[in-house]
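Asker: Sequence and predicted model, in that order:
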Amino acid sequence: MRAFRHSVRWLWACLLLATGALGWAKRRLQRRPAVVVMALHRVLDERDYCLTNSLSGILLRRNTFQALAAYVSRRFDVVDASGTMPGPDSNRPRIAFTFDDGWHDNYDPAFRIARTCGIPMTIFVCPGLVGRNSPFWPEQVVASIRAARPEVREEEVESVIEELKLSTPENRERAIAALPLLSGRAPGSDDPDRTLTWAEIAEMDKCGVTFGVHTQTHQILTIVPDNLARPEILDSKAHIERALNKPCRLFAYPNGNHSNATRRLLSDAGFSRAFTTDRGAWTTASDPLAIPRMNVSETDVVSPAGRFSAAMFEYTVFWKAARASLANGGRA
């Protein structure tokens, strides 16, 4: 069923391209004027793509990302999410690359590919989870379920993950503890689900990559009480500022969840920009502490044959951003 839906989306994207509708979306975003910010997570070679316990909604294959980066660098103005502002200073659609979570593959291959293509990157890390193997609970849950039920469908696993996201940390920990014990591969230096090390972060920082924070331990701020949310924000900011010896002003909400209360906490902490996963384009009307982004994963940008598709990419990024802006009354 997923393959069928993907084929239908690809045909629709090709029709939008052929009729000029994708061109309309890009022109509309230029007139706003707007920046389309992509929310990416992981870029994996084929071995790690097959071994990872991350769900497909946050994955890109190395070859796909390489083709995507080359296409974007040729056709659009790629801007730095940390330094740009929406405004009338470009004759081409503007797009920014951001990465959430701080996975090791943000360094190799993503950083190496982006640097070759001249693409600035912003990476949001969880300082308390830097340099660890499989530190995020969704991958732990997926590994446990797959160990017990190797043929389980991803839709079933996604349902469990989404339900656990709505739980308090205490209830989630109890539910995870009740799952079957993990088995299979032992985490090690070649674990595909490990996070960046501080040495890798320092190297990329010196090469111009911008680092923001994603809370200290990836807590969903709208679920935890203020007395837990506040240190998650403050500790992450202090931690990365000590590590890189520079101010940190950028934040990305785990799972994209934000509220008036969380935005006040970020403002009080001194953050100037915070990024959501709400669909839309970043315009002068956007709240700087609730900047929309377009999530991009493998099936969002490839054809049914598995090759990078310019039509799918522009449909996912520009068409959906323009439509979201219309639905929001032009506010984002």
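Answerer: Nice, I can see it.
Asker: which strands and helices sit next to the helix or strand encompassing His239?
Answerer: Element membership for His239 (DSSP states H and E) is helix 226-244. Secondary-structure packing of helix 226-244 (3 or more CB pairs under 8 Å, 6 or more residues apart in numbering; DSSP states H and E): helix 198-206, strand 210-213, helix 260-269. In this view, the C-beta of every residue, glycine as well, is placed from N, C-alpha and C.
Asker: could I get those as a markdown table with distance to Met1?
Answerer: Listed next are these as a markdown table, based on distance: least, CB to CB, whole Å:
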| stretch | distance to Met1 |
| --- | --- |
| helix 198-206 | 39 |
| strand 210-213 | 37 |
| helix 260-269 | 36 |
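Asker: Kindly check the end-to-end length of stretch 160-176 for me.
Answerer: End-to-end span of stretch 160-176 (CA to CA, to the nearest Å): 10 Å.
Asker: tell me how far it is from the chain's mean position?
Answerer: Its chain's average C-alpha position is 21 Å from that of stretch 160-176, according to CA atoms, centre = their mean, to the nearest Å.
Asker: Mind listing what's buried along that stretch?
Answerer: By neighbour count on 16 or more other CB atoms under 10 Å, the buried set for stretch 160-176 is 160-161, 164, 172.
Asker: Name all residues that make contact with Arg149.
Answerer: Applying CB atoms under 8 Å, 6 or more residues apart in numbering to Arg149 gives no contacts.
Asker: ok, now the one 4 residues further on?
Answerer: Contact analysis of Arg153 by CB under 8 Å, 6+ apart lists nothing.
Asker: what about the longest strand in the protein?
Answerer: Using DSSP state E, we find that the single longest strand of the chain is strand 94-101.
Asker: before we move on, back to that, nearest approach to Ala324 belongs to which of the helices and strands packed on helix 226-244?
Answerer: With CB to CB, the closest approach to Ala324 among the helices and strands packed on helix 226-244 belongs to helix 260-269: 19.5 Å.
Asker: Now do that closest one and helix 226-244, the angle between them.
Answerer: Here helix 260-269 points in a direction 40 degrees away from that of helix 226-244 (axes from the mean of the first three to the mean of the last three CA atoms, to 10 degrees).
Asker: Apart from its neighbours in sequence, what residue is nearest His214?
Answerer: Nearest non-adjacent residue to His214, counting by CB to CB, 6 or more residues apart in numbering: Phe124, 4.0 Å away.
Asker: isn't that neighbour right up against Val213?
Answerer: Yes: at 6.2 Å, Phe124 and Val213 qualify as touching, with contact defined as CB atoms under 8 Å.
Asker: hey, what's in contact with both of the two?
Answerer: Between them, Phe124 and Val213 share the contacting residues 250-252, judged by CB under 8 Å, 6+ apart.
Asker: now the residues you listed in TSV, with secondary structure, pLDDT and distance to Ser54?
Answerer: Conversion of those to TSV gives the following (DSSP: H, G, I helix; E, B strand; the rest coil; pLDDT from 0 to 100; distance: CB to CB, whole Å):
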residue	secondary structure	pLDDT	distance to Ser54
Leu250	strand	98	23
Phe251	strand	98	22
Ala252	strand	98	17
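Asker: And the strands in the protein?
Answerer: 35-40, 42-44, 59-61, 77-79, 94-101, 121-125, 210-213, 250-252, 273-275, 294-295.
Asker: Would you format these as JSON lines with distance to Lys26 and mean neighbour count included?
Answerer: As requested, the strands of the chain are exported to JSON lines (distance: least, CB to CB, whole Å; neighbours: other CB atoms under 10 Å):
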{"stretch": "strand 35-40", "distance to Lys26": "9", "mean neighbour count": "24"}
{"stretch": "strand 42-44", "distance to Lys26": "25", "mean neighbour count": "26"}
{"stretch": "strand 59-61", "distance to Lys26": "22", "mean neighbour count": "22"}
{"stretch": "strand 77-79", "distance to Lys26": "12", "mean neighbour count": "19"}
{"stretch": "strand 94-101", "distance to Lys26": "10", "mean neighbour count": "24"}
{"stretch": "strand 121-125", "distance to Lys26": "22", "mean neighbour count": "26"}
{"stretch": "strand 210-213", "distance to Lys26": "25", "mean neighbour count": "24"}
{"stretch": "strand 250-252", "distance to Lys26": "25", "mean neighbour count": "26"}
{"stretch": "strand 273-275", "distance to Lys26": "22", "mean neighbour count": "24"}
{"stretch": "strand 294-295", "distance to Lys26": "13", "mean neighbour count": "20"}
